[in-house]
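K.L.:
Let me see the structure of the following:
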Amino acid sequence: MPGDQRGLDEDERGLDASPRDLPPVPLQNHPSRFGAQGAGSEEGHAELDRAQKEASTLKREHDDLVEKVKVFEVRNEELVMVANNTTSQVQQKIDLIDQLRAEMNEVQAMADGWKSKMDVMDSEKETAKAKLASVEVQLQMAKEKADKWSQPNDNLRAQLSSAVTDRDALSREYEAVESKLDTTSVDAEEMVAQYKADVEAAERDFEEIHVRCFDLLAEIEEGKNSEDKAKKLYEPESAEGAEGSEGSEGSKGFGDSDGFESAPGED
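P.N.:
Numbering: from 1, shown residues only. Got it, this is the predicted structure:
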């Protein structure tokens, strides 16, 4: 492009020359010269008119060429601007590609972090599943023990039913958490934390129920022991009461006979 610009400048300098600066055309060399014999003045005037017309034509051609050169200069400047803009756009695209690569690296790092978190959550899920299975076994054992007693059966079964309901709710919640783990990772930690809290609450409830069962069994055993002691204490007291009542009746009859015998003496 610099060579083209230099060529255009040289052409422009050549075309900017005025017709007056052009070397004069010798009339004797012009093909329409009236000849060396010296024709009339009319032919000379006609030749002069033709020369002037040719000069006017050359001037118009020169002006046209100058206008074309100006147009070429404008187009050259436009091409330079377009080339500069293209270079700037290419640089912007290169910068954008670098930025996108950096963002892609950040996204990859975030994806790796989420993958490690998902692995930890899967491990916690398996732990929670094992705890849930243990709770189910303990609930089954508590239910079997509770079925042996009839008196506290209703209350205990209600508590067990509530615990089973909580367990079913936790199971449904566990399934919901398991399905959500495949589709989302943003709220996974909070959901697992809530699930662990629910499992811990269920374990505490089960422990309370377990303790209540043992307390209830102890109370029942203590009641049976108290009942046996009461029976043992009641049987001797009943025998002594029967003998005392017989003695009192005998003494009462003896007094009555004494009274009956003393009555005639008084008369």
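
K.L.:
which stretches of the stretch 101-250 of the chain form helices?
P.N.:
Counting by DSSP state H, counting those that start in this stretch, the segments of the stretch 101-250 of the chain that form helices are 153-181, 188-266.

K.L.:
which stretch in those helices is the model least sure about?
P.N.:
Mean pLDDT is lowest for helix 188-266 among the helices of the stretch 101-250 of the chain, at a mean of 67.

K.L.:
Could you find the closest non-adjacent residue to His210?
P.N.:
Computed as C-beta to C-beta, 6 or more residues apart in numbering, the closest residue to His210 that is not its neighbour in sequence is Ala142, at 6.0 Å. (Glycine included, C-beta is placed from N, CA and C.)

K.L.:
Please work out how many residues are found near Asp205.
P.N.:
16 (other C-beta atoms under 10 Å).

K.L.:
right, and it touches Val164 too?
P.N.:
No: shown here, Asp205 and Val164 do not form a contact pair, counting by C-beta atoms under 8 Å, at 11.1 Å.

K.L.:
re the thing from before, number of nearby residues for the residue nearest to His210?
P.N.:
Counted with other C-beta under 10 Å, residues neighbouring Ala142 total 19.

K.L.:
Kindly report the same for the one 3 residues further on.
P.N.:
Other residues near Lys145 number 14, with proximity taken as other C-beta under 10 Å.

K.L.:
burial count for the nearest residue to it once chain neighbours are set aside?
P.N.:
Computed as C-beta to C-beta, 6+ apart, the closest residue to Lys145 that is not its neighbour in sequence is Cys213, at 6.3 Å. Residues lying near Cys213 (other C-beta under 10 Å) number 20.

K.L.:
Please verify my assumption that the residue nearest to His210 contacts Arg212.
P.N.:
No: the pair Ala142 / Arg212 is not scored as a contact, 9.8 Å apart, by C-beta under 8 Å.

K.L.:
Can you give me the domain assignment for this protein?
P.N.:
2-104, 121-249 (automatic domain parsing).

K.L.:
I'd like the average pLDDT over the first one.
P.N.:
For domain 2-104, the mean per-residue pLDDT is 70.

K.L.:
List the contacts of the residue lying closest to Lys143 once chain neighbours are set aside.
P.N.:
Ranked by C-beta to C-beta, 6+ apart and with sequence neighbours excluded, the top spatial neighbour of Lys143 is Leu160, at 5.5 Å. Going by C-beta atoms under 8 Å, 6 or more residues apart in numbering, Leu160 touches Leu139, Ala142, Lys143, Ala146, Ile209.
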